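[1] Here is the input, now give the coordinates:
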Amino acid sequence: MADTKRYNSNVELGGALKLGGGTLNVLRGGTATQATNKTTTVTMVPANVETGQITTSNEAMSQGQVKTFTVNCNKVSATDVVLVNHVDVAMGEYLVQANNIQAGTSFDISITRMSSASDPESDALVLRYVVIHGSHT
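    Model prediction:
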């Protein structure tokens, strides 16, 4: 590979990364469960991981209501992108998005209740996220 550099166990590529088949695995994942409500801050176990699964509290939400919580993560940088998906229960009834990245400390996840079915609804959502390290250069 052209322009490939190794730093300890990391590999830096000086060109496009193409995956023609197979699986790209992001390691160092963790889990967390909110104990109190959907605005309770979470810390992953193990702490400060680039990928993880969060189970929210089952606090009720009505249509249009937004709840935001913080994920403690010292691995996130200002130029990073955090992707988050809702992967279980009440699919399509909630919009989830990552925002408010605080370099070296945390990011937020916002949950918006989109559906009015069975309003209000008390769902413990399962969310999965991954931090993609980026650059503006």
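
[2] Give the residue spans of this protein that score low on pLDDT.
    Applying pLDDT under 70 to the chain picks out residues 1-27, 136-137.

[3] show me what contacts the residue nearest to Thr41 when sequence neighbours are not counted?
    Spatially, and ignoring its direct neighbours in sequence, Thr41 is nearest to Thr70 (4.4 Å; CB to CB, 6 or more residues apart in numbering). (C-beta placed from N, C-alpha, C; glycine too.) By CB atoms under 8 Å, 6 or more residues apart in numbering, the residues touching Thr70 are Thr41, Val42, Ser106, Phe107, Asp108.

[4] Over to the closest residue to Thr112 other than its chain neighbours: give its phi and psi.
    For Thr112, ignoring the flanking residues on the chain, the nearest one in space by CB to CB, 6+ apart is Leu95 at 4.4 Å. When read as degrees, to the nearest 10, the backbone of Leu95 gives phi -110, psi 130.
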